[in-house]
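>>> no FASTA, just this:
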Ligand code: SF4
Ligand code: SF4
Ligand code: FES
């Protein structure tokens, strides 16, 4: 979210889910919406069917949403900044930008405008493979809209240039003045149910709750007072992608991992595995004995969402209740109970009666949540920021002004992905999810029906590439990258485009992340899951 | 509230204001006047297919479907007149006599009942009463209007049950052709997987060119199951096993993706047996995807961790909470004290609650004294 925060001052979805229906043009990029966010895809499809909205899909795969699109732009992997700059070049050249909005609400436009000059449709076609004419038509459709919504997901962020990609989308929306109004905005769809909440609550190395900077001594003092503690660190901590190499190097000695399975989800798994082995002490807290938990010195059993009370914050910043429906396994406990027990036993008393008591403390230290109470969200969740108990919540951000004051244009250059296809590794691999499985599969794979629909990993390949490399549908092959290899079944599919293959990352047995590149985006720390070079080795 | 010149209509003798675009049904519902409906699906364009919602409008030659008829200034409507009731009875009788509606409203004549039930058993491989007994709009209405399926000769069920997919059983013998599923699929989810097929008495809801759902565009979102007013579309895993009156719904938020769909977990004997979407509530207004609706088996899975484990000589052994927590506290303390706070890293989770994330970052910062806390789902 570093990209959005830099442009607007806040890194969340600017508009709401329902609000997408107010757009006359919707641009989806890097989001296989119908498989990863099916309910949102239906809202978009309804907008098209009943409200006449136009759809532009920009995606390297022929995903289902392309069936509903007026334009499908198919960029080469890792060329997002280029095509976005291309659209903006056309919009500026044809005078479709919103001069009033730019003057009143933004800064940095002149430098930014210069940076677009070289991104002519022809130049962009050379990089992205998208026809120049298509770039012009899509730019006109987008620029001429009354209001257009941009929807994106990991396909944009999981690149070494991910932060730039997001900034480029922010530029595009500001350029046309589509911010702070219904039907507009830049809208990242969160993959996991409470990513938004984990970030809001300070589950990040640089911020406390509500994005209050750890490096700011005033914030540290405020938290020390609230928590009755001394000596809070003002040093920004390690990102997960930095922890792993530090563990590898022996500098990180202990880890406490709650509800995550980095041994399937992280890039370059072989390296992750060695690193975790190298720890002196590993504690894993989860609902199942995951691949990661198996390596732990201590495993702590926790309750799942159906067994406890609390709140989740969804992708549109709506804070909603979860409620206990069943009793969990006899000894399993709430994650908050376990962590506060460890804290208490280490000499810092953390005593809470229930989740609501914790929420009350959250409100006191979290300005954007201050006005929320369990009572207020009993029936319908509210959108933060919600600073007081009288405040109705904020469905649309940046209405009068941006969180940071003025919206900031960033001049951006396209940087090629860290790894390119070459003679040794002639295919590009991209990874993602399928409809019937979720993340590392620890939950969905307990469901026979879901497994029946999506039983195992596969490599999705175009007919042309299958012929070229001499492989057949349903055949087992070995896919190798510079980091590892896995065995998967071949799935010849019209979703794949020549030169690019796709493997879902859910399956531990043939984990796509044995292949992926852990090269990081310098700002966000997100690895380049979405591009790496691979080859098909002799059929297994 | 109402301007003096605001248009009104009269329903059952009382006058009510309305807005442009309101149907008679909308006005009635806004004023707690109950008109039965079967095919009407909120959020979709009315089709007027079932005609159970007919009302008598003064001056109109025929009864009008209230779900599809706009309210017009000074209209005079009767929702439960003798003519209306007679029409509804006949519609219900026709529906009940076509197909396997063996919910005891079929008839009271012993002999006929037995023969009928044997036939149902034949079609369905079960001797039990209809799987949605007690949770069926048709049964409710048959009871309300006191009718059975005897008045008209029973028409045969033409198409066998389809249960070759893991999630949904399609029982054509109980389908009343209301079309709600077709609208749910085409107009709400816009998956365009099912539609009306064939004509007249052969009419059937088909997927693609009449293939099993699993070989069509169906993505098993189950919107159609939730929309079906009768027992024609039912969740496969609970069909005949879980009866509607055995479960308690608990409202909560789905645990899969970031949409945060509002759901009911239906609980029987401490087990989540079914999930439905909450109607009328954002962000999903009843819609769900296959994971949210059918992916709940993990909750009660026997593989759930149920005791703390401590690794000794490369093997996990069970431990008490006291042992495990003391060990963790001791080790973290000694690592922190001898190697400094930044020698410990914490990963919190995008799958646990806000309260839990808050406590875990507080633990990292206030107890371990490090900001090295993150989660895996950086987006
Ligand atoms: S499950 Fe969903 S996609 Fe399949 S037929 Fe029903 S509504 Fe359509
Ligand atoms: S299957 Fe159910 S919803 Fe669909 S037409 Fe038949 S009765 Fe109506
Ligand atoms: S409910 Fe009105 S016609 Fe069916």
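Nice, I can see it. Model, not experiment: these values are computed from the prediction. Ligands and ions are numbered 1, 2, ... in the order given.
>>> Would you mind finding the longest strand in chain A?
Using DSSP state E, we find that the single longest strand of chain A is strand A:485-492.
>>> Report the strands that pair with that one, each with its relative direction.
Using DSSP bridges, the strands paired with strand A:485-492 are strand A:458-461 (parallel), strand A:476-480 (antiparallel).
>>> How about the contacts made by the residue in the stretch 101-250 of chain B positioned nearest to ligand 3?
Nearest residue of the stretch 101-250 of chain B to ligand 3 (CB to the nearest ligand atom) works out as residue B:178 at 6.6 Å. Quick note: C-beta positions are derived from backbone N, CA and C, even for glycine. With contact taken as CB atoms under 8 Å, 6 or more residues apart in numbering or on different chains, residue B:178 is in contact with B:38-39, B:49-50, B:229.
>>> Which two of those residues have the greatest separation?
Within these, B:49 and B:229 form the most distant pair, 11.8 Å apart (CB to CB).
>>> More neighbours: which of those two?
Between residue B:49 and residue B:229, counting by other CB atoms under 10 Å in any protein chain shown, residue B:229 is the more crowded of the two (25 against 20).
>>> Am I right that that one is in contact with residue B:136?
Yes - in this structure, residue B:229 is within contact of residue B:136 by CB atoms under 8 Å, at 7.0 Å.
>>> phi, psi of residue B:78?
In terms of degrees, to the nearest 10, the main-chain angles of residue B:78 are phi -120, psi 130.
>>> Can you tell me who it pairs with across the strands?
Counting by DSSP bridges, residue B:78 forms beta bridges with residue B:56.
>>> what separates it from residue A:59, distance-wise?
Counting by CB to CB, to the nearest Å, the gap from residue B:78 to residue A:59 is 56 Å.
>>> Can you give me the neighbour number for the residue nearest to residue A:422 when sequence neighbours are not counted?
Excluding the flanking residues, the one nearest residue A:422 by CB to CB, 6 or more residues apart in numbering or on different chains is residue A:533, at 6.5 Å. Neighbour count of residue A:533, defined by other CB under 10 Å: 22.
>>> Now do the buried residues in the helix or strand residue A:533 falls within.
For residue A:533, the element it lies in under DSSP states H and E is strand A:532-537. Neighbour counts using 16 or more other CB atoms under 10 Å in any protein chain shown place A:532-536 of strand A:532-537 among the buried residues.
>>> and ligand 3, which of those residues contact it?
Restricting the buried residues of strand A:532-537 to those touching ligand 3 (CB under 6 Å from any ligand atom) yields no residues.
>>> out of the residues you listed, who's nearest residue B:348?
Comparing the buried residues of strand A:532-537 against residue B:348 with CB to CB places residue A:532 closest, at 27.8 Å.
>>> In this structure the closest one contacts residue A:513, no?
No - using CB under 8 Å, residue A:532 is not in contact with residue A:513, being 10.1 Å away.
>>> buried sites along the helix or strand containing residue A:223?
Following DSSP H and E, the helix or strand that holds residue A:223 is helix A:217-227. When burial is assessed from 16+ other CB under 10 Å, helix A:217-227 yields the following buried residues: A:219-220, A:223, A:227.
>>> For whichever residue of the stretch 401-540 of chain A sits closest to chain B, identify the helix or strand it belongs to.
Here the residue of the stretch 401-540 of chain A nearest chain B is residue A:449; by CB to the nearest CB that distance is 3.2 Å. Using DSSP H and E, residue A:449 maps to helix A:448-453.
>>> for that helix, packing partners?
When contacts are defined as 3 or more CB pairs under 8 Å, 6 or more residues apart in numbering or on different chains; DSSP states H and E, helix A:448-453 packs onto helix B:290-294.
>>> and the helix it packs on, how far from the chain's centre?
Distance of helix B:290-294 from its chain centroid, counting by CA atoms, centre = their mean, to the nearest Å, is 11 Å.
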